[in-house]
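Q: need a structure here:
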Amino acid sequence: QLQLVESGGGLVQPGGSLTLSCTGIGFTLDYYAIAWFRQAPGKEREGVACISDRDDRTNYADSVKGRFTISRSIANHTVYLQMNSLKPEDTAEYYCAGDYCSDSGPPAINEYDYWGQGTQVMVPS
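A: Numbering: from 1, shown residues only. So this is what the prediction gives:
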């Protein structure tokens, strides 16, 4: 069973940037497909981005395209979510999940069995 842990959340002003990190506990993420999801208060969890296991192909939700970038560092055994031009509507608990990234479209919650505990991102209005 994969155990994932997120870090890097915090409070950031609108227009600012933040980078989230996802690492594995007891294993390395280097060759796993990893996704980022988010869940705002009172809303359903939604897929934000994913990166594939073999060729680091990436997919994004339309709401974050051009602002968020998912990437992998083999050296650091970490998958990142770089978030730029943050908006109040990006406020949510952010989760990384494994181990799938579809050929197209943002990640869907039913495709994932492994989840981290989440990290909070707050962008005040």
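Q: every contact and neighbour count from this point should use C-alpha atoms.
A: Noted.
Q: show me what contacts G118?
A: Contacts for G118 (C-alpha atoms under 8 Å, 6 or more residues apart in numbering) come out as 5-7, 93-96.
Q: in strands, which of those fall?
A: Among those, DSSP state E puts 5-7, 93-96 in strands.
Q: who wins for neighbours among the residues you listed?
A: Greatest neighbour count in those, by other C-alpha atoms under 10 Å, goes to C96: 32 neighbours.
Q: I'd say it and A33 touch.
A: No. In this structure, C96 is not within contact of A33 by C-alpha atoms under 8 Å, at 10.5 Å.
Q: in space, what's closest to A92 - neighbours in sequence excluded?
A: Nearest residue to A92, sequence neighbours excluded (C-alpha to C-alpha, 6 or more residues apart in numbering): A40, at 4.1 Å.
Q: about what we covered before: out of the contacts of G118, which is nearest to L18?
A: S7 (10.8 Å; C-alpha to C-alpha).
Q: ok, that closest one touching C22?
A: Yes. With contact defined as C-alpha under 8 Å, S7 and C22 form a contacting pair (6.6 Å).
Q: name the helix or strand for the spatially most central residue of the chain, please.
A: For the chain, the residue nearest the mean C-alpha position is W36 (2.4 Å; C-alpha atoms, centre = their mean). Here W36, judged by DSSP states H and E, is contained in strand 34-39.
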